[in-house]
Each structure stands twice: as C-alpha cells, then as structure tokens.
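Chemist: Task: produce atomic coordinates for the following.
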Amino acid sequence: MGLACAKEKSPPYRPCHAHNERWWLKKGEIAECQVERLNAELAKVVTAPDSRDRLIAGRFEPMTGTPQRFGEFIKSETARYARVIKQAKIELRQ
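Modeler: Numbers count the residues shown, from 1 in each chain. All right, here's what the predicted structure looks like:
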C-alpha cells in the first residue's frame with residue numbers, strides 16, 4: 001500500500017509586504033523594495049576594503065550605484081560589444 005499526496009499549485013500571484021504596503025506580484029516579479037535592499041547590501045560588500053581589494057586583484061572594477069544606472073551600463077556595454085562583434089564579423093557556431 002502506498003501513500004499519495006496532492007501538491008497544491010502555487011497561485012499565479014504572491015503577496016508582497018513592504019513599507020506598510022501590500023500588493024500582489026506575479027511569479028518571478030521582484031518588488032522594488034527588494035531590489036533596493038539587495039542593492040544596498042551588495043554596495044556594502046563591494047565597498048568593504050577586503051572585498052574591494054580582492055575584486056581589484058581579480059582585475060574587476062568595483063562599482064556601486066542605482067539599479068537604474070546598472071541597467072544603463074548593461075545597455076551601453078551590450079551596444080558597444082555588438083559593434084565590436086559586427087565589425088570583427090564574429091559568428092556563433094553551434
């Protein structure tokens with residue numbers, strides 16, 4: 001004899017509580033307050049002297065800023081390297 005259990009389907013939306021506000025998020029969405037908190041915590045790590053030294057030693061450029069600024073940086077770098085790839089006629093082989 002075996003046991004069976006039914007797994008309840010997760011709802012398409014989940015509650016988010018932040019700053020005394022409540023709203024519903026679709027699965028996979030992130031609340032703005034969560035992005036702000038994660039950004040603040042990462043900034044603490046990146047600016048800590050030990051972490052900063054390790055990043056620099058690994059030839060990384062430690063940067064902090066807003067999530068919006070990071071989005072702008074990614075867009076500009078994507079455009080920059082798209083031009084390089086196009087000019088060098090680099091193609092993806094599968």
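Chemist: Which stretches in this protein count as strands?
Modeler: 13-18, 21-26 (DSSP state E).
Chemist: what's the least confident stretch among these?
Modeler: Mean pLDDT per stretch puts strand 13-18 lowest among the strands of the chain, at a mean of 52.
Chemist: How many residues are close by the residue lying closest to E61 once chain neighbours are set aside?
Modeler: Leaving aside its sequence neighbours, E61 sits nearest to L55 (Cβ to Cβ, 6 or more residues apart in numbering; 7.7 Å). No exception for glycine: its C-beta is placed from N, CA and C like everyone else's. By the criterion of other Cβ atoms under 10 Å, L55 has 15 neighbours.
Chemist: can you check Y81 too?
Modeler: 11.
Chemist: cool, and M63?
Modeler: 11.
Chemist: The closest residue to it other than its chain neighbours: what's it in contact with?
Modeler: Excluding the flanking residues, the one nearest M63 by Cβ to Cβ, 6+ apart is V46, at 7.3 Å. Going by Cβ atoms under 8 Å, 6 or more residues apart in numbering, V46 touches R52, L55, P62, M63, T64.
Chemist: which of those has the weakest pLDDT?
Modeler: M63 (87).
Chemist: any idea how far that residue lies from E91?
Modeler: Computed with Cβ to Cβ, to the nearest Å, the distance linking M63 and E91 is 31 Å.
Chemist: How about L55?
Modeler: 33 Å.
Chemist: which residues touch the longest helix seen in the chain?
Modeler: What stands out as the longest helix in the chain, according to DSSP state H, is helix 67-87. With contacts defined as Cβ under 8 Å, 6+ apart, helix 67-87 is touched by V35, E36, N39, M63, G65.
Chemist: and it, C-alpha only, in CSV?
Modeler: What follows is helix 67-87 as a C-alpha-only set of coordinates in CSV (Å, rounded to 0.1, in the frame of the first residue of the first chain):
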residue,chain,number,x,y,z
PRO,A,67,19.8,49.6,-10.2
GLN,A,68,18.7,52.0,-13.0
ARG,A,69,22.3,53.1,-13.5
PHE,A,70,23.3,49.4,-13.7
GLY,A,71,20.7,48.8,-16.4
GLU,A,72,22.0,51.8,-18.4
PHE,A,73,25.6,50.4,-18.0
ILE,A,74,24.4,46.9,-19.3
LYS,A,75,22.7,48.5,-22.3
SER,A,76,25.7,50.6,-23.2
GLU,A,77,28.1,47.7,-22.9
THR,A,78,25.8,45.5,-24.9
ALA,A,79,25.7,48.1,-27.7
ARG,A,80,29.5,48.6,-27.5
TYR,A,81,30.3,44.9,-27.8
ALA,A,82,27.6,44.3,-30.5
ARG,A,83,29.5,46.8,-32.7
VAL,A,84,32.8,45.0,-32.0
ILE,A,85,31.3,41.7,-32.8
LYS,A,86,29.7,43.0,-36.0
GLN,A,87,32.9,44.8,-37.2
